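**Q** got a predicted structure here, sequence first:
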Amino acid sequence: MKQKVLLSLVLYLLLGISAWAQTRAVSGRVTGAGDGAGLPGVTVLERGTTNGTSTDAGGNFTLNVQEGASLIFSSIGFVSQTLPVTGGTINVRLQTNETLLNEAVVVGYGTQAKRDLTGSVTQLSSKDVENVPTVSFEQAIQGRTPGVQINQGSGKLGQGVTIRVRGSSSITASNQPLYVIDGIPVTSQDVGLASSEPLNPLADLNPNDIESITILKDAAASAIYGSRASNGVILVTTKKGRQGESKVNVGYYVGTSRATRIREFLNRDQYKEFFGEAITNASLIPGSAINAEYGPNDGSDPDYLARAFSDFGGIDYNSNLDTKWNELAFRKGKVSQYDANISGGDAKTRFYISGNYSDQTGIIIGNQYRRGSLRTNFDHNVSDKLKVGLNLSLVRSVNDRVPDDNAFTNPIQMNALPPLQAAYDPTDPTGFNRGTLYENALVSLNTGTNRSGNYRSIGTATLSFQPIKNLTLRSELGGDFLSLREELYYSRLSNDGAPDGYGYSNQVQAVNYTTNNTATWAQTIGEDHTFDVLAGFTFQRYDQSQSAVEGRGFPSDQFRRLASAARFTSGSGSSGTGYSFLSLLSRVNYAFANRYLFSASIRGDQSSRFGREERWGVFPAASAGWVISEESFLQENSVVSFLKLRASYGLTGNAEIGNFDSRTLYSGSQYGSEPGIVPGVVLGNDQLTWENTAQADLGLEFGFANDRITGEVDVYQKNTTDLLLNDQLPFTGGYQVITRNLGKLRNRGVEFSLNTRNIDNAFKWTTNFNITFNRNEVSDLNGQILTTGSRNLSNVREGEPIGVFWGIEYAGVDPANGDALYYTADGSKTNQPGDAERRKLGDPNPDFTGGLTNTFAFKGFEVSLLNQFTYGNDVYNTAGFFQSVNGDYFDNQTVDQLKRWQKPGDVTNVPQARFLEGNGGRASSRWIQDGSFFRFKNLTVAYNLPKEWAGKARLSNARIYVTGQNLLTITNYDGYDPEVNSSFNGLPNYLVGHDFYTPPLAKTWLVGVNLGF
């Protein structure tokens, strides 16, 4: 009996195993519905399992599946299909889906299908940022993102980039968005001290490693990040391997760059004539400096002008030199990049490994940026329920910087030097002329060091477990490790380093680590109810330590390290700072009948930056969407292919202030040899709490003519309250500043994007257009007015936009005598600046910004042209104070100053030249100009070799291309570049639209090749 039972069990098990193991091979081909060509890289997945593969270069696939299986065919840009396996062959034709409605869009702590989104989100793909000659990825997406204004600010390599998502939401707290890479918030603020102009830490990310960039703009999309989301959130997802395929890709490009513009200044003869006239005019004014020194220049003394040039400026009036200082600041730049990656995997393990080296020699002398990076992304299915992953990058970057805009050693400031003075002197130890009017920047740039180098690693380890069907538990542990070293050395032969050399060294260690722990339940109940519920908690901690020291007394310029200094003149020793966030979060997404969409989220944040009584903040949001095109009355409509209405409202916060602004700090000091304690300059505030932004958004997404025309329209309003404002205190109290929750700010605007497939056959032409209108207004400031110094014009005032230009208005020139005139309160004109009325002069915020992209393709050829435009913003050229001031001092002048007033009856806008007399030299609207521009941002012409040709060389694909960047800028602004903002002052956010010897962007041409194996 026992033997029969045992035999029965064995037979039962064998039959069961046999039945379970019965599989069949399925093969087929996947083609595109448009031209019938095979589609490579299409994912073919057995539904309900991790068993899958990808199509080859011809669209073919083979896969072993269980009996009764169904296959899911999916690829970006095509509508996914699910088909049952009824035979040994399945051929599929995928329909194109230009709107990517079924594309998985990365959102906070997860993904959603685009059609199911109820928030305002923009997603860009890898093709938008790959192989673009920029240092960081943000520069590559300019003009492509509605609602996002990106300003490079300068042509200096590695310089900080300004990004505003739907306007500025704060006055003295940060306005930069939160950056999240592979789920982990990263360090995006400059941690250096060697310069008042910020570096861009995001330049450490290799753009070619990016799979997608998602920008969360409204509260519904971003409130899941709570206190960090008022300025928008930018999610960066890096590339991963795909199962069923192994790829090796290599790329290389090389090119050259030039300044987009070089300004014209007076040559030798013009300079002598102009300043000779200015000196003569001033000499005729009783009491003037020239008149007091030499009396009037009546022509009787042939050496009059020579003596004045020599005594007041050390300039040889009779020099035959004609030095083009304006050109010496620039050179032909070079760009090159090497890139290689390998990716692949199977149903169990996927991997992506890449290496990159980029080398850019800037258009400004002395400026060079190099970056080398390695990345490995790894995913493994331990079982059907347990998955692990690791993303890890290692970066080394070195930036040879140039001095701040405000420094005399800034190469652009050589514009001020007279053409009568030589740049070089072979008898000088440096080889350069050190006897110029101001410091010759060539000396410092060629004999000193200004280098910033860092090592950085960003990594994320993930674990995902599915204990029961539809429930996923996920843990992420991420770290961002940054080690920055800054080295400065000024030669003993330079002004800053005389007489025995100056050195500075700063070492920064920044560790930013985060853990995210979430539970997600996703289930469809019946046919009409789909739920996606998320709950979790996160913790982030940032610690920074740094040591800085400076010294003098170096034995020679060959010894540049601080160890060689004879004396240490200053140093911060070892200092540290840090912050932490603890957060709880939850989100519920619900869809009914595939057309009624609802979402709600809430997040609670606790921050160490705020007062002990106000550290917690709660940030809720809710949104709804209606997919109108799913209604029965539009089902048979041949015009409207997709139509969705969505609305959202929510609250987000801003905590980007100093780490200890809520506290009164003390530091150690000494008096002689006695130690002591001294208070800081900031008075603590236990009531300090979050800056809050409430945002409402109404959006419409549409598609017409089978999605040949698609787009989105959004209308929004952001109201910021409890502004984190640095409030000035009376100096008599010993403290200078207290940070308070004070004031209100409003942004309102409209975004519009349009995508069209104009021609869609063998010849293809697509167009992408976006435009954004934003209006910013400070609605309450408790009666305060914030200014930025006598030379700058940016103000913050109630009822005006942030950074409004405020001062005296220039009224031109008196035709009778050449005096500069200004407007008074009653509308009359005066030549006394002190009697002029202070009024609104301009607005640095644009009326609208946008971009236009046209792409053409035909038989392997591709042409893509991106245009970027900005309209309605004003730019204040602060450098005009010196270089366009009709000869007030010996600084060389722009050629437009030759139009100066010379005799009664002259009608001009340039006052009479009067040396040292300040005729028109007060900060005013005289140097405010329209900063609108239309730029041919990027042009790429490429050729993709036919698959048959590539195959003969054992390649899966081959692409050669030529790219031009910043090719042409149409503008009325006569400075170097209208896309400018000088940041040398280290002044707050509201100093915008100022140009002070700020270098232009680079015009770049490059040729490149991409090969796939």
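**A** Nice, thanks for sending it over.

**Q** max-length strand in this protein?
**A** Ordering each strand of the chain by length in residues (DSSP state E) puts strand 567-592 first.

**Q** tell me the first helix or strand C-terminal of it.
**A** Going down the chain from strand 567-592, the next helix or strand is strand 596-607, by DSSP states H and E.

**Q** tell me what the longest strand of the chain is packed against?
**A** Where contact means 3 or more Cβ pairs under 8 Å, 6 or more residues apart in numbering; DSSP states H and E, strand 567-592 is packed against strand 529-552, strand 596-607. (Glycine included, C-beta is placed from N, CA and C.)

**Q** as JSON lines, these with mean neighbour count and distance to Val1007 would be great.
**A** Formatted as JSON lines, the helices and strands packed on strand 567-592 follow (neighbours: other Cβ atoms under 10 Å; distance: least, Cβ to Cβ, whole Å):
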{"stretch": "strand 529-552", "mean neighbour count": "17", "distance to Val1007": "42"}
{"stretch": "strand 596-607", "mean neighbour count": "21", "distance to Val1007": "47"}
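
**Q** out of the ones you listed, which is closest to Trp765?
**A** Smallest distance to Trp765 across these (Cβ to Cβ): 33.2 Å, for strand 596-607.

**Q** which positions within the next helix or strand after that closest one qualify as buried?
**A** The helix or strand immediately downstream of strand 596-607 is strand 616-627, counting by DSSP H and E. Neighbour-count burial for strand 616-627, counted by 16 or more other Cβ atoms under 10 Å, picks out Gly617, Phe619, Pro620, Ala621, Ala622, Ser623, Ala624, Gly625, Trp626, Val627.

**Q** starting at the chain centroid, how far to strand 616-627?
**A** Its chain's C-alpha centre and that of strand 616-627 lie 27 Å apart, by Cα atoms, centre = their mean, to the nearest Å.

**Q** partners of that strand, with directions?
**A** Strands that pair with strand 616-627, judged by DSSP bridges, come out as strand 596-607 (antiparallel), strand 640-654 (antiparallel).

**Q** what is the burial count for the residue nearest to Gly872 when sequence neighbours are not counted?
**A** Using Cβ to Cβ, 6 or more residues apart in numbering and skipping residues adjacent in sequence, the residue nearest Gly872 is Asp847, 2.8 Å away. Using other Cβ atoms under 10 Å, the number of residues around Asp847 comes to 13.

**Q** OK, contacts around Asp847?
**A** Contact analysis of Asp847 by Cβ atoms under 8 Å, 6 or more residues apart in numbering lists Phe773, Tyr871, Gly872, Asn873.

**Q** just Ala622 next, same as before
**A** Ala622 makes contact with Ala220, Phe598, Ser599, Ala600, Ser601, Ser648, Tyr649, Gly650, according to Cβ under 8 Å, 6+ apart.

**Q** and the gap between it and Thr145?
**A** Distance of Ala622 to Thr145, given as Cβ to Cβ, to the nearest Å: 25 Å.

**Q** equivalent analysis for Asp722, please.
**A** Plainly put, Asp722 is 29 Å away from Thr145 if you go by Cβ to Cβ.

**Q** ok, now Trp521?
**A** In terms of Cβ to Cβ, Trp521 sits 33 Å off from Thr145.

**Q** and Gly251, which of the three is it?
**A** What DSSP: H, G, I helix; E, B strand; the rest coil gives for Gly251 is strand.

**Q** that one touches Gly1012, doesn't it?
**A** No. Using Cβ atoms under 8 Å, Gly251 makes no contact with Gly1012, being 9.5 Å away.

**Q** how many neighbours does Glu837 have?
**A** Around Glu837 there are 14 residues (other Cβ under 10 Å).

**Q** ranges for the strands of the stretch 601-750 of the chain?
**A** Ranges of strands in the stretch 601-750 of the chain, per DSSP state E, counting those that start in this stretch, are 616-627, 640-654, 666-671, 674-679, 682-683, 691-704, 709-721, 724-728, 737-741, 744-760.

**Q** do the same with the stretch 51-200 of the chain
**A** Assigned by DSSP E, counting those that start in this stretch, the strands in the stretch 51-200 of the chain fall at 52-54, 60-66, 70-74, 81-84, 89-94, 104-107, 110-113, 121-125, 148-151, 162-165, 178-181, 184-185.

**Q** list the contacts of the last one.
**A** I take that to be strand 184-185. Residues contacting strand 184-185 (Cβ under 8 Å, 6+ apart): 178-179, 228, 458, 460, 476, 478-480, 512, 514, 516, 540.

**Q** so Gly964 sits against Asn938, correct?
**A** Yes. Taking Cβ under 8 Å as the definition, Gly964 is a contact partner of Asn938 at 7.1 Å.

**Q** so for the two, which sits in the more crowded spot?
**A** Asn938 (24 against 19).

**Q** just to check, that one is in contact with Val132?
**A** Yes. The pair Asn938 and Val132 passes the contact test of Cβ under 8 Å, sitting 6.9 Å apart.

**Q** and for the two, which residues touch both?
**A** The contact sets of Asn938 and Val132 overlap at Thr963, Gln965 (Cβ under 8 Å, 6+ apart).

**Q** before we move on, the earlier item: Ser884: which of the strands of the stretch 51-200 of the chain is closest?
**A** Closest to Ser884 of the strands of the stretch 51-200 of the chain is strand 148-151 (Cβ to Cβ; 23.2 Å).

**Q** now Ser564: phi and psi?
**A** phi -90, psi 0 (degrees, to the nearest 10).

**Q** so which strand or helix has the residue nearest to Gln965 when sequence neighbours are not counted?
**A** Spatial nearest neighbour of Gln965, chain neighbours left out: Thr1004 (4.3 Å); criterion: Cβ to Cβ, 6+ apart. According to DSSP H and E, Thr1004 maps onto strand 1002-1012.

**Q** tell me the confidence at Gly16?
**A** Here, the pLDDT recorded for Gly16 equals 38.

**Q** go on, Gln22?
**A** 55.

**Q** ditto for Ser154
**A** 87.

**Q** what's the distance between it and Asn231?
**A** Distance check for Ser154 against Asn231: by Cβ to Cβ, it reads 21 Å.

**Q** need the contact partners of stretch 921-931.
**A** Here stretch 921-931 has contacts from 790-793, 805, 807-810, 820, 822, 833, 836, 841-842, 844, 846, 870, 873-878, 880-881, 884-885, 888, 920, 971-975, 978, 993, using Cβ under 8 Å, 6+ apart.

**Q** before we move on, what SS does Ile802 have?
**A** Following three-state DSSP, we place Ile802 in the coil state.

**Q** tell me who's in contact with it.
**A** For Ile802, the contacting residues are Ser168, Ile171, Leu745, Asn776, Val778, Val796, Asn845, Asn989, Tyr990, Val992, by Cβ under 8 Å, 6+ apart.
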